[in-house]
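1. Sequence plus predicted model, see below.
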Amino acid sequence: MSRFWSELTASLVPYVPGEQPKDQRYIKLNTNENPYPPSPKVIEALRHAANADLRLYPDPSCDALRETVASYYGLGKEQIFVGNGSDEILAFAFPAFFTAAKPILFPDVTYTFYPVYAQLYGLSYETVPTDERFVIDPQRYGAHNGGVVLPNPNAPTARLLSIHGIKQILDANSDQVVIIDEAYIDFGGQSAIPLIADYPNLLVVQTLSKSRSLAGLRVGLAMGHPDLIEGLNRIKNSFNSYTLDRLALAGAIASFEDQAYFEETNRKIQATRERTTEALAGIGFEVIESQANFVFATCPRRSAQELFAELKKRGILVRYFNKPRIDQYLRISIGTDEEMDALLDALGQIL
Ligand code: PMP
């Protein structure tokens, strides 16, 4: 017996999140947070909720938030599930929809949480090759598998798959659940939510952590056929400890009520991304086309690990993955224009 007392614990390779330094001096471009604060209306709603009913338990069915999200997306309340961040929703979805008998498919380069969850729940999985520029070929996600999980845009590559491509995957997998993880969809992609009406096997997962600047509040959403939502509820209720707290519920609702702020900050981030992409290309980087709030870039002149270390010395944190295929790339979150100028200045000194 190992010192962990269980073979599962001993064999697990846990997910390693990006650094969250205590030191505020860093320009933090390593975990795809939004550089802008949440809407002032969210802050107001949080203040109000803090002064109101914190001594009372929150509504375990999160009805008010589910109604808000349902009307925002033109769905029914019974098609909405909410969780403490989309990671928690994925943690429920894996045991709810996948089994050990047939492999779950996901891209070879993707969000590293997926293999961790599969391993945790004893599920089998297979990775599907992307091409040398990380393009996903939907035709490779055919039948004879146990389901599909796909971030769109993909992380950390930032590659977007078209709605046509998603439909191809859904059509080829009508007997399995297809999860589209839309953590970054608001930065220029087209959501698969309208496909829910035609595809009872589609679960769309979103988060308020990125485009709504609420990573610290922990709110995720899942949308799909009521049977899929019921599956998630059964897993959630089996843990009996997870529901959103009163502050998260109030803040999330307020976020959906300030569309103008949401559009304005997203527009700024996309403009900064385009400018940063051009500037990086101008100093010799190859940048993968991005529809997300980050870019994935490689510089043939210097190793990515070295660039990561040099940037860190200069107070700038980006993400480096010491993994096959992507160990020459940096994932750089889009910050404010000033932060990206500081990054470009630093790279100019290093290169
Ligand atoms: N999916 C993807 C693809 C992500 O990159 C992230 C953020 N690391 C998440 C889900 C989880 O986000 P959260 O738990 O903050 O909602």
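-> Cool, got the structure. Bear in mind the structure is a predicted one, so any value in this text is a computation, not a measurement. Residues are numbered from 1 along each chain as shown.

2. When you work out contacts or count neighbours from here on, use the C-alpha atoms and nothing else.
-> Will do.

3. Next one, pLDDT for residue 41 please.
-> Note on residue 41: pLDDT of 98.

4. for residue 1, that is, sorry about that
-> So, for residue 1, pLDDT stands at 51.

5. And residue 241, by the same measure?
-> 67.

6. Which residues outside stretch 103-118 are in contact with it?
-> With contact meaning Cα atoms under 8 Å, 6 or more residues apart in numbering, stretch 103-118 is reached by 12-15, 91, 94, 98, 123-130, 134, 136, 141, 145-151, 154-157, 326.

7. What is the end-to-end distance of it?
-> One end of stretch 103-118 sits 9 Å from the other (Cα to Cα, to the nearest Å).

8. hey, where'd the strands end up in this protein?
-> Taking DSSP state E to define them, one finds strands in the chain at 27-28, 80-83, 104-107, 125-128, 148-151, 178-181, 202-207, 220-224, 286-287, 294-298, 316-317, 319-320, 329-333.

9. Just the pLDDT for residue 21.
-> For residue 21, the predicted pLDDT is 84.

10. what's the distance between it and residue 315?
-> 11 Å.

11. Same question for residue 257.
-> Distance from residue 257 to residue 315, by Cα to Cα: 36 Å.

12. tell me the contacts of the closest residue to the ligand within the stretch 201-350 of the chain?
-> Taking Cα to the nearest ligand atom, the ligand has its nearest neighbour within the stretch 201-350 of the chain at residue 207, 4.3 Å off. Listed by Cα under 8 Å, 6+ apart, the contact set of residue 207 reads 85-86, 182-183, 219-221.

13. ok, the closest residue to residue 8 other than its chain neighbours - how many residues close by?
-> Once flanking residues are discounted, residue 8 sits nearest to residue 120: 7.3 Å by Cα to Cα, 6 or more residues apart in numbering. Residue 120: 18 surrounding residues under other Cα atoms under 10 Å.

14. Is it correct that residue 120 is in contact with residue 10?
-> No: with contact defined as Cα atoms under 8 Å, residue 120 does not reach residue 10; the gap is 11.1 Å.

15. need the residues of this structure near the ligand, please.
-> The chain has residues 85-87, 111, 151, 155, 181, 183, 207, 209, 215, 220 near the ligand, with proximity defined as Cα under 6 Å from any ligand atom.

16. now these as a markdown table including pLDDT?
-> Below are the residues of the chain next to the ligand laid out as a markdown table (pLDDT from 0 to 100):
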| residue | pLDDT |
| --- | --- |
| 85 | 97 |
| 86 | 97 |
| 87 | 96 |
| 111 | 96 |
| 151 | 98 |
| 155 | 97 |
| 181 | 98 |
| 183 | 98 |
| 207 | 98 |
| 209 | 98 |
| 215 | 98 |
| 220 | 98 |
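
17. Check these and tell me the two furthest apart.
-> 151 and 215 (17.7 Å; Cα to Cα).

18. Looking at these two, which one has more neighbours?
-> residue 151 (25 against 19).

19. now that one: how far from residue 350?
-> Going from residue 151 to residue 350 by Cα to Cα gives 33 Å.

20. do residue 330 as well
-> Residue 330 is 15 Å from residue 350, by Cα to Cα.

21. Looking at the two, which has the bigger crowd around it?
-> It is residue 330, of residue 330 and residue 350, that has more neighbours when counted by other Cα under 10 Å, with 26 against 13.

22. Across the sheet, point out what pairs with that one.
-> Legend: beta-bridge partners of residue 330 under DSSP bridges are residue 297, residue 320.

23. residues touching it, list them.
-> 296-298, 304, 308, 318-321.

24. What's the per-residue pLDDT of it here?
-> Looking at residue 330, the pLDDT reads 98.

25. picking up where we left off before, so what's the residue of the stretch 201-350 of the chain closest to the ligand closest to, chain neighbours aside?
-> residue 220 (4.2 Å).

26. residue contacts, that neighbour?
-> Counting by Cα under 8 Å, 6+ apart, the residues that residue 220 touches are 82-89, 205-209.

27. cool, residue 289 as well?
-> Residue 289 makes contact with 158-159, 295, according to Cα under 8 Å, 6+ apart.

28. for the residues you listed, which one is nearest residue 337?
-> Nearest to residue 337 among the contacts of residue 289, with distances taken as Cα to Cα, is residue 295, at 14.4 Å.

29. what about the nearest residue to the closest one once chain neighbours are set aside, how many residues close to it?
-> Of all residues not flanking residue 295 in the chain, residue 332 sits nearest, at 5.3 Å (Cα to Cα, 6+ apart). For residue 332, the neighbour count with other Cα under 10 Å is 25.

30. Hmm, residue 30 and residue 332 touching each other?
-> Yes: between residue 332 and residue 30 there is a contact under Cα under 8 Å: 6.2 Å.

31. Give me the pLDDT for residue 18.
-> Per the predicted model, pLDDT is 84 at residue 18.

32. Pull the contacting residues for the residue nearest to it when sequence neighbours are not counted.
-> Distances taken as Cα to Cα, 6+ apart place residue 31 nearest to residue 18, at 5.7 Å, with adjacent residues excluded. Contacts here follow Cα under 8 Å, 6+ apart; on that basis residue 31 touches 18-19, 318-319, 333.

33. what does residue 88 give?
-> residue 220.

34. And the residue lying closest to residue 175 once chain neighbours are set aside, its phi and psi?
-> Sequence neighbours aside, residue 201 is the residue nearest to residue 175 in space, at 7.3 Å (criterion: Cα to Cα, 6+ apart). With angles defined as degrees, to the nearest 10, residue 201 sits at phi -100, psi 10.
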